[in-house]
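Peer 1: Here is a sequence with its predicted model. Questions after.
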Amino acid sequence: MAFSTDINLPRRHHARYPARCVRCGGDHQGRKMRLWTHTIGWWTAVFWIFGWGFTTRAPACKKCARLIRAQRVGGLLLTLLVAGMFMTFVWPHVDDFVAHALRKWVALGLILICLTPYIFWEIVFPPAIDITAYKNSVDYEFRDPEYAFEFADLNADADWVRIS
């Protein structure tokens, strides 16, 4: 099974990337693509809210940048579509059987069950690059382990570099 190689760096550290496309490993022609996410923490699961934004710019050739964006946007749209279809077609049949205080949690759990194939796909076939931001750190997730280790070496001057 192919999994991502994750590099954890301090949030305040300005990440440096190898001088090649993050997806194909070829010449990125000086192009960089912007990746953004929101900070997650315990409040994300409890209150369904996200924290501050986080942005990084990774080297990617024009074709690969389009493919990475399409995969990210496609994943978001698929998630929204599955959740919307569930809430439209399934939830009305389940709603009456769930205690009012638990409805939000049951809906979330059932939507996650519906999304299990997509989540499994993302784990087995990870995107070329992804980021997960926390309060004090950021996980940079790479499909290519060689690229990830080179990224870690370039950022060795950070307060810490954790590889998993």
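Peer 2: Now that the structure is in, tell me what you want to look at.

Peer 1: any idea how far residue 49 is from residue 157?
Peer 2: Distance of residue 49 to residue 157, computed by C-beta to C-beta, to the nearest Å: 34 Å. Heads up, the C-betas are built off the backbone N, CA and C, glycines and all.

Peer 1: and the two? which has more neighbours close in?
Peer 2: residue 49 (11 against 8; other C-beta atoms under 10 Å).

Peer 1: Identify each buried residue in stretch 25-42, please.
Peer 2: 28, 33, 35, 37, 39 (16 or more other C-beta atoms under 10 Å).

Peer 1: In three-state terms, how would the residue sitting furthest away from the middle of the chain be classified?
Peer 2: For the chain, the largest distance from the centre (C-alpha atoms, centre = their mean) belongs to residue 96, which lies 34.3 Å off. Here residue 96 is recorded as helix under DSSP: H, G, I helix; E, B strand; the rest coil.

Peer 1: For it, report the pLDDT, please.
Peer 2: According to the prediction, residue 96 has pLDDT 92.

Peer 1: Could you do residue 43 as well?
Peer 2: Taking residue 43 on its own, its pLDDT is 75.

Peer 1: what about the helices in the chain?
Peer 2: Along the chain, the segments classed as helices by DSSP state H run 42-47, 62-85, 91-94, 103-114, 116-124, 145-154.

Peer 1: which of the ones you listed sits most buried?
Peer 2: Per-stretch averages of neighbours, counted by mean count of other C-beta atoms under 10 Å, single out helix 145-154 among the helices of the chain, with a mean of 17.

Peer 1: circling back to that earlier point, what would the helices of the chain look like in CSV with distance to residue 23?
Peer 2: Shown next, in CSV, are the helices of the chain (distance: least, C-beta to C-beta, whole Å):
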stretch, distance to residue 23
helix 42-47, 28
helix 62-85, 4
helix 91-94, 38
helix 103-114, 28
helix 116-124, 16
helix 145-154, 9
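
Peer 1: I'd like to know which of those helices lies nearest to residue 24.
Peer 2: Closest approach to residue 24 among the helices of the chain is made by helix 62-85 (5.3 Å; C-beta to C-beta).

Peer 1: mean confidence score for that closest one?
Peer 2: In this model, helix 62-85 has an average pLDDT of 95.

Peer 1: Next, the angle helix 103-114 makes with that helix.
Peer 2: 130 degrees (axes from the mean of the first three to the mean of the last three C-alpha atoms, to 10 degrees).
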